[in-house]
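A.B. asks: the sequence and its predicted three-dimensional model are supplied below.
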Amino acid sequence: MDCLFCKIIAGDIPSTKVYEDDLCLAFRDINPQAPTHILVIPKAHISGCNGVTEENSGVVAHIFAVIPGIANAEGLTGGYRVVSNCGPDAGQTVPHLHFHILGGRQLNLDMA
């Protein structure tokens, strides 16, 4: 598979990890759109939001359970945004489900 995020999970491409467990990995975005910009990805390859099924939805629930801890560890006490782009028209550039944690300043309403 030629998936950038699968290569990061495998350790073939370096990343700046901020959290990891058996189901997911969180690392700093290389092109941050906010002072804090972290990507959280499932370790199992899921193509995107449209690839979430009853069988794999537990990993998404798990990711949303760990996101507040990541945000807290990053000092995002004033709030943060969680974004997932679904498909190329929405700006999804890597076909692997991922969630952006954005924070560290007041975010504009039109920021994605």
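C.D. replies: On my side now, so go ahead.

A.B. asks: for this structure, longest helix please?
C.D. replies: For the chain, the helix with the greatest residue count under DSSP state H is helix 57-73.

A.B. asks: number of residues surrounding A73?
C.D. replies: Neighbouring residues of A73 were enumerated by other C-beta atoms under 10 Å; the total is 12. C-beta: built from backbone N, CA, C; applies to glycine.

A.B. asks: so what's it up against?
C.D. replies: With contacts defined as C-beta atoms under 8 Å, 6 or more residues apart in numbering, the neighbours of A73 are V18, Y19.

A.B. asks: that older thread, now do the buried residues in the longest helix of the chain.
C.D. replies: V59, V60, I63, V66, I67, I70, A71 (16 or more other C-beta atoms under 10 Å).

A.B. asks: quick one: mean pLDDT for the longest strand seen in the chain?
C.D. replies: For the chain, the strand with the greatest residue count under DSSP state E is strand 36-42. Per-residue pLDDT over strand 36-42 has a mean of 98.

A.B. asks: ok, it: who's next to it in the sheet?
C.D. replies: For strand 36-42, sheet partners with direction are given as strand 24-28 (antiparallel), strand 99-103 (antiparallel), following DSSP bridges.

A.B. asks: report the angle between the first one and helix 57-73.
C.D. replies: Counting by axes from the mean of the first three to the mean of the last three C-alpha atoms, to 10 degrees, strand 24-28 lies at 40 degrees to helix 57-73.

A.B. asks: with just CA atoms, put strand 24-28 into CSV.
C.D. replies: Output of strand 24-28 as CSV, limited to C-alpha atoms (Å, rounded to 0.1, in the frame of the first residue of the first chain):
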residue,chain,number,x,y,z
CYS,A,24,-4.1,5.3,17.1
LEU,A,25,-1.2,7.6,16.6
ALA,A,26,-1.1,11.4,17.0
PHE,A,27,1.7,13.5,15.6
ARG,A,28,2.4,17.2,14.7
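
A.B. asks: ok now it, how far from the chain's centre?
C.D. replies: Shown here is strand 24-28, whose average C-alpha point lies 7 Å from the average C-alpha point of the whole chain (C-alpha atoms, centre = their mean, to the nearest Å).
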